[in-house]
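> I'll drop the sequence and a predicted model, then ask my questions.
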Amino acid sequence: MKRFLCILLALTLVGSLLLFGGCGKKTNDPASDAAKIADEPQGPPTDDDFDIQVVESDDGYAVRKVLIITNNYPSTVGIEASGVAKDASGAELDTSDDEIRALAPGRTGMISLYFTGGVSDAEITYEMEYNAEPEYEDATPNLTYTDKVEKDGNKATVTVDVTNNGDAPAEFVTAHLVLFDADGALMTMTDNQVYTKANDYKIQPGETVSNSIEITVYSDFDHYDLYLEGVVSE
């Protein structure tokens, strides 16, 4: 009998531990678990929080580095890049900088660094800075676009129609085109503002704005990638 009571007491203790020991740990509610993970403090963003693809062009006089950046950080980040070109003696030849004011999680944007002055043989380096509390909110999750290209002789025209599907105006929306040749090598990049002074530099909710980008020098491009940039207007 004593042995039976000991076994019964042990089973009761084990059951209690199984019943109450999981408190504060993972639950059977996926939404609750995700919320707990999101509530955990995040360290500051670093290079490891982004997928960064670098493509480069060099025409013998100027070098362009295009950084295609995907944000894997759990919140919107502001990104700044600054680069410098130096000769063999370490003397500075040229500098370049660019930024993405706000890039939401899972979104992809681009930064272009352009160096001139015979920098083909120069050592080019760049540094990235990330701001986990940017001044702006990324508007691109609420933007959709359609695009078409028409070529006529030595001129190409890319028409971009951007629609704001959000509840707030999208401000300073810009379409960035990265042009490639048939082998996939970078030719150049260009951009155009998809807004005008007449509409107060904004795309209103539900509105579609069209703009055209004319390309002449590199009109023989094979294909392009398009990246939108813009911020939510207060």
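Received it, and whenever you're ready, just let me know what you need.
> please enumerate the strands of the protein.
Assigned by DSSP state E, the chain shows strands spanning 50-58, 63-71, 77-86, 92-103, 108-115, 123-131, 143-152, 155-164, 170-180, 186-193, 202-203, 208-215, 223-232.
> indicate which one of those strands is closest to residue 42.
With CB to CB, the closest approach to residue 42 among the strands of the chain belongs to strand 77-86: 10.9 Å. C-beta here means a position set from N, CA and C on the backbone, and glycine is covered the same way.
> tell me the strands beside the closest one, with direction?
Strand 77-86 sits in its sheet next to strand 92-103 (antiparallel), strand 123-131 (antiparallel), going by DSSP bridges.
> now the angle from that strand to strand 50-58?
Strand 77-86 and strand 50-58 are oriented at 30 degrees to each other (axes from the mean of the first three to the mean of the last three CA atoms, to 10 degrees).
> adding mean neighbour count, mean pLDDT and distance to residue 44, write the strands of the chain out as a markdown table.
Listed next are the strands of the chain as a markdown table, based on neighbours: other CB atoms under 10 Å; pLDDT from 0 to 100; distance: least, CB to CB, whole Å:
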| stretch | mean neighbour count | mean pLDDT | distance to residue 44 |
| --- | --- | --- | --- |
| strand 50-58 | 14 | 96 | 13 |
| strand 63-71 | 21 | 97 | 14 |
| strand 77-86 | 20 | 98 | 10 |
| strand 92-103 | 18 | 97 | 15 |
| strand 108-115 | 20 | 97 | 19 |
| strand 123-131 | 15 | 97 | 7 |
| strand 143-152 | 13 | 95 | 28 |
| strand 155-164 | 18 | 95 | 31 |
| strand 170-180 | 21 | 94 | 26 |
| strand 186-193 | 18 | 90 | 29 |
| strand 202-203 | 22 | 93 | 32 |
| strand 208-215 | 16 | 92 | 36 |
| strand 223-232 | 19 | 96 | 22 |
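> coming back round to it: between the strands paired with strand 77-86, which one is closest to residue 226.
Using CB to CB, these put strand 92-103 closest to residue 226, at 15.1 Å.
> angle of that closest one against strand 170-180?
Going by the same axes, to 10 degrees, strand 92-103 makes 130 degrees with strand 170-180.
> what residues are up against the closest residue to residue 53 other than its chain neighbours?
Counting by CB to CB, 6 or more residues apart in numbering, residue 53 lies nearest to residue 68, which is 4.4 Å off, once chain neighbours are set aside. Going by CB atoms under 8 Å, 6 or more residues apart in numbering, residue 68 touches 52, 53, 54, 55, 108, 109, 110, 178, 225, 227.
> what bridges to residue 68?
Beta-bridge partners, per DSSP bridges, of residue 68: residue 53, residue 110.
> rewinding a little: closest to residue 160 out of the strands paired with strand 77-86?
Across the strands paired with strand 77-86, residue 160 has its closest neighbour in strand 92-103 (18.4 Å, CB to CB).
> residue 147 is in contact with residue 226, correct?
Yes: the pair residue 226 and residue 147 passes the contact test of CB atoms under 8 Å, sitting 6.0 Å apart.
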